[in-house]
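J.: give me a 3D structure for the following:
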Amino acid sequence: MPDDPTPQGRPLAGRRALVTGASSGIGLGVAQGLARAGAAVAVNYRSGQEAAEALVAEIRAGGGQAVALQGDVSKEEEVAALFRGTAEAFGGIDLLVANSGIQKDAPVGEMSLKDWQAVISVNLTGQFLCCREAIRAFRQGPERPGKARGAIVCMSSVHELIPWAGHVNYAASKGGVRMMMQSLAQEVARERIRVNAVAPGAIRTPINQEAWDTEEALEKLLRLIPYGRIGEPEDVARAVTWLLSDEADYITGTTLFVDGGMSLYPEFVGNG
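T.: Numbers count the residues shown, from 1 in each chain. Just a heads-up that it's a prediction; the model follows:
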């Protein structure tokens with residue numbers, strides 16, 4: 001990574017990033033944001049090859065560097081291959097956004113062990129495998145006096161804090177992400193490796209379309225958001241970009257909530 005100041009508006013110039021689950025939703029928005037900030041971006045996908053390749057073409061058309069890499073983050077050997085592919089494309093890796101996540105919702109009495117394990121395997125174990133591989137890679141890279149050797153952002157959720165009935169596997173996975181992130185940050189801080197998380201609230205993506213695609217549904221959702229609007233992937237992308245940049249160099253082990261105040265429990269307004 002270069003020691004020279006980065007051009008204004010491109011705080012990640014010269015950095016090499018891997019974004020998992022980047023073919024749609026928040027991951028796609030984050031990959032676009034990192035590319036705009038100057039990073040070379042490895043766009044990971046599991047099944048959305050066409051969308052991932054379209055994003056790569058978009059980034060390249062804008063003068064950036066990008067590559068699409070297929071891989072299932074819940075599988076150890078495929079995670080290792082993702083990091084090899086990133087290093088082969090860009091000569092190394094400096095940044096990781098562990099974003100891949102799934103939902104398989106059901107009331108607890110109806111939730112199968114298969115669906116419990118699927119969500120934990122992707123949302124929690126997958127993030128662990130990616131973080132572990134990133135830390136191994138960062139340790140092989142050069143030290144930069146006063147700056148991080150590498151930086152990680154784990155994608156969490158407001159549900160690392162807010163219980164979510166009917167979604168126990170998802171909420172448990174995000175609570176696990178929080179403690180995993182903090183424990184990793186504590187362990188590797190002395191090596192000048194930073195680990196943080198971003199916790200989105202309600203973000204306008206295809207995975208939650210039924211919660212905002214009608215006027216009635218949106219009105220119901222907005223009762224939970226004091227700021228009065230649903231979030232956009234760009235809101236999350238800006239937060240991730242900042243946490244990965246040298247402007248956040250003294251920050252590690254922290255979750256940044258991007259939720260319009262959802263985690264303030266607005267249902268209690270006037271009832272304290």
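J.: give me the secondary structure label for Asn44.
T.: strand (DSSP: H, G, I helix; E, B strand; the rest coil).
J.: after the longest strand anywhere in the chain, heading C-terminal, what element do we hit next?
T.: Counting residues, the longest strand found in the chain (DSSP state E) is strand 193-200. Next along the chain after strand 193-200, taking DSSP states H and E as the criterion, comes helix 215-222.
J.: mind listing what the longest strand of the chain pairs with, with the direction of each?
T.: Strand partners for strand 193-200, identified by DSSP bridges, are recorded as strand 150-155 (parallel), strand 255-258 (parallel).
J.: nearest to Ala42, of these?
T.: strand 150-155 (14.2 Å; C-beta to C-beta). For the C-beta atoms, the positions are set from N, CA and C on the backbone; glycine is no exception.
J.: so which elements touch the helix or strand hosting Glu78?
T.: Glu78 belongs to helix 76-90 when elements are defined using DSSP H and E. If contacts are counted by 3 or more C-beta pairs under 8 Å, 6 or more residues apart in numbering; DSSP states H and E, helix 76-90 sits against strand 16-19, strand 40-45, strand 66-70, helix 126-139.
J.: now the longest strand of the chain against helix 126-139, angle please.
T.: Angle, strand 193-200 to helix 126-139, by axes from the mean of the first three to the mean of the last three C-alpha atoms, to 10 degrees: 150 degrees.
J.: CA atoms only for strand 193-200 - export them in CSV, please.
T.: Extracted C-alpha coordinates of strand 193-200, given in CSV (Å, rounded to 0.1, in the frame of the first residue of the first chain):
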residue,chain,number,x,y,z
ILE,A,193,-4.7,-4.8,11.7
ARG,A,194,-8.1,-3.1,12.2
VAL,A,195,-11.4,-5.0,12.5
ASN,A,196,-14.7,-3.2,12.7
ALA,A,197,-18.3,-3.8,11.8
VAL,A,198,-21.2,-1.9,10.2
ALA,A,199,-24.7,-2.7,11.4
PRO,A,200,-27.3,-1.6,8.8
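J.: circling back: got the buried residues for the helix holding Glu78?
T.: Within helix 76-90, the residues that qualify as buried are Glu78, Val79, Leu82, Phe83, Gly85, Thr86, Ala87, Ala89, Phe90, counting by 16 or more other C-beta atoms under 10 Å.
J.: need the helices and strands packed on helix 76-90 in CSV (columns: mean neighbour count, distance to Asp115 and mean pLDDT).
T.: Shown next, in CSV, are the helices and strands packed on helix 76-90 (neighbours: other C-beta atoms under 10 Å; distance: least, C-beta to C-beta, whole Å; pLDDT from 0 to 100):
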stretch, mean neighbour count, distance to Asp115, mean pLDDT
strand 16-19, 31, 26, 98
strand 40-45, 29, 22, 98
strand 66-70, 22, 24, 98
helix 126-139, 21, 16, 98
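J.: of all these, which lies closest to Glu191?
T.: Using C-beta to C-beta, the helices and strands packed on helix 76-90 put helix 126-139 closest to Glu191, at 6.7 Å.
J.: what's the closest one packed up against?
T.: Going by 3+ C-beta pairs under 8 Å, 6+ apart, helix 126-139 lies up against helix 76-90, strand 95-98, strand 150-155, helix 168-188, strand 193-200.
J.: chain center to stretch 109-117: distance?
T.: 25 Å (C-alpha atoms, centre = their mean, to the nearest Å).
J.: ugh, typo on my part, it should be stretch 235-242
T.: With C-alpha atoms, centre = their mean, you get 10 Å for stretch 235-242.
J.: how about stretch 153-170?
T.: The answer for stretch 153-170 is 14 Å, by C-alpha atoms, centre = their mean.
J.: show me the contacts for Asn123.
T.: If you count contacts by C-beta atoms under 8 Å, 6 or more residues apart in numbering, Asn123 has them with Ser100, Gly101, Ile102, Tyr170, Ser173, Lys174, Gly176, Val177.
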